[in-house]
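> fold the following, please.
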Amino acid sequence: MKKYMRLVAIIFVCSLVLVSANARNTKATSEEIINRISLSRGWNLMYGLQDPMQIISASDASVSPSTVEEIRSDIELIYVYDTDVKKYVLLYAKRGTLESGEYKNFNPPASIAGDISTSVMWVFSEKTHSIKYRVASPPPLSQREISAGWNFVPVFSDVQGKSINEIKGSCSIDALYTYAEDDGVTQWINLKNIYDFNDKRAFTEAPILGLQLVIKVTNNCQMGI
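Below is the predicted model:
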């Protein structure tokens with residue numbers, strides 16, 4: 001029940017701070033391995049992790065000495081936001097959690113949020129791990145549809161060393177957040193309060209692989225490098 005209340009709180013914040021996991025028109029063409037991704041205890045924003053079976057192994061034994069089976073078992077819930085119906089959809093719940101009756105399982109429609117494999121998911125883990133997992137190769141930033149309002153936008157090494165202004169393309173960014181670990185606590189981080197949009201440290205100091213941006217824009221637009 002506590003995890004349910006935490007999810008309700010996150011969804012409430014999301015309804016105020018963000019509401020879109022846009023990945024329309026972004027069909028995956030290949031797969032790749034993402035290594036050394038921190039999976040914190042509690043809720044995480046993760047690119048492309050829609051099923052625990054995508055996890056291949058622990059990537060840092062000092063952080064996560066667990067077997068891959070143990071890591072997969074620690075994944076309790078995975079949600080994605082369906083922009084078509086404006087609702088969160090449960091993609092995965094481990095058997096004991098689902099049978100407890102706290103969560104209702106949905107069979108997501110084929111059209112949910114465009115291509116699910118290139119979307120950003122809420123993932124709840126019972127323990128902290130450093131993982132290696134298999135995902136669909138992300139489309140170029142310039143091919144990701146950005147709609148007026150709030151959007152989930154994954155970024156990768158192609159933004160390394162660039163400023164926010166250099167990746168924003170035609171978008172007028174009103175707000176910019178990420179949900180990540182800071183000072184040992186996973187929390188919302190207001191990047192606009194930390195970095196000037198011309199500051200190239202924004203994507204140099206941050207852990208680029210797996211970084212999820214939460215962006216509010218004024219109008220439909222196209223990001224790009």
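
> mark out where each domain of the chain begins and ends.
Structurally, the chain divides into domains by automatic domain parsing as follows: 2-136, 141-222.

> quick check: which ranges of the chain have low pLDDT?
1-29, 60-65, 83-86, 96-115, 205-210 (pLDDT under 70).

> was I right about residue 54 contacting residue 131?
No - under the criterion of Cβ atoms under 8 Å, residue 54 lies out of contact with residue 131, with a separation of 9.5 Å. To be clear about C-beta, it is placed using only N, CA and C from the backbone, and glycine gets the same treatment.

> give me the more crowded residue out of the two.
For the pair residue 54 and residue 131, the greater number of neighbours falls to residue 131 (29 against 21), based on other Cβ atoms under 10 Å.

> which residues does that one contact?
Listed by Cβ atoms under 8 Å, 6 or more residues apart in numbering, the contact partners of residue 131 are 37, 39, 55-59, 64, 71.

> out of these, who has the most neighbours?
Note: the member of the contacts of residue 131 with the most neighbours is residue 39, at 25 neighbours, neighbours being other Cβ under 10 Å.

> who does it bridge with?
Per DSSP bridges, the residues bridged to residue 39 are residue 129.

> over to residue 31?
On DSSP bridges, the residues paired with residue 31 through beta bridges are residue 136.

> and for it, the neighbour number?
Other residues within reach of residue 31 by the criterion other Cβ under 10 Å amount to 12.

> so it is in contact with residue 136, correct?
Yes - counting by Cβ under 8 Å, residue 31 touches residue 136, with 6.0 Å between them.

> how much space separates residue 34 from residue 225?
Going from residue 34 to residue 225 by Cβ to Cβ, to the nearest Å gives 20 Å.

> and the two? Which one has more around it.
Set residue 34 next to residue 225 and count neighbours by other Cβ under 10 Å: residue 34 wins out with 21 against 13.

> wait, the more buried one sits on residue 132?
Yes - in terms of Cβ under 8 Å, residue 34 counts as a neighbour of residue 132; the distance is 7.0 Å.

> got the contact list for residue 138?
Counted by Cβ under 8 Å, 6+ apart, residue 138 has contacts 26, 47-48, 118, 154, 156.

> mind telling me what element it is part of?
Counting by DSSP states H and E, residue 138 is held by no secondary-structure element, helix or strand.

> how about residue 45?
Element membership of residue 45 [criterion: DSSP H and E] is strand 42-47.

> do the same with residue 69
Assigned by DSSP H and E, residue 69 belongs to helix 68-74.

> okay, buried residues for that helix please.
Neighbour-count burial for helix 68-74 flags 68, 71-74 (criterion: 16 or more other Cβ atoms under 10 Å).

> and after that helix, which helix or strand comes next?
strand 75-82.

> same for the helix or strand following that following strand, what does it pack against?
Moving toward the C-terminus from strand 75-82, the first helix or strand encountered (DSSP H and E) is strand 87-93. Other helices and strands packing on strand 87-93, by 3 or more Cβ pairs under 8 Å, 6 or more residues apart in numbering; DSSP states H and E, are strand 75-82.

> parallel or antiparallel, which strands does the strand it packs on pair with?
For strand 75-82, pairing defined by DSSP bridges yields strand 87-93 (antiparallel), strand 120-125 (antiparallel).

> most tightly surrounded among the ones you listed?
strand 120-125 (a mean of 23; mean count of other Cβ atoms under 10 Å).

> contacts for that one, please.
Identification of contacts with strand 120-125 by Cβ under 8 Å, 6+ apart yields 3, 7, 10, 21, 23, 39-50, 74-80, 88, 91, 152-154, 212.
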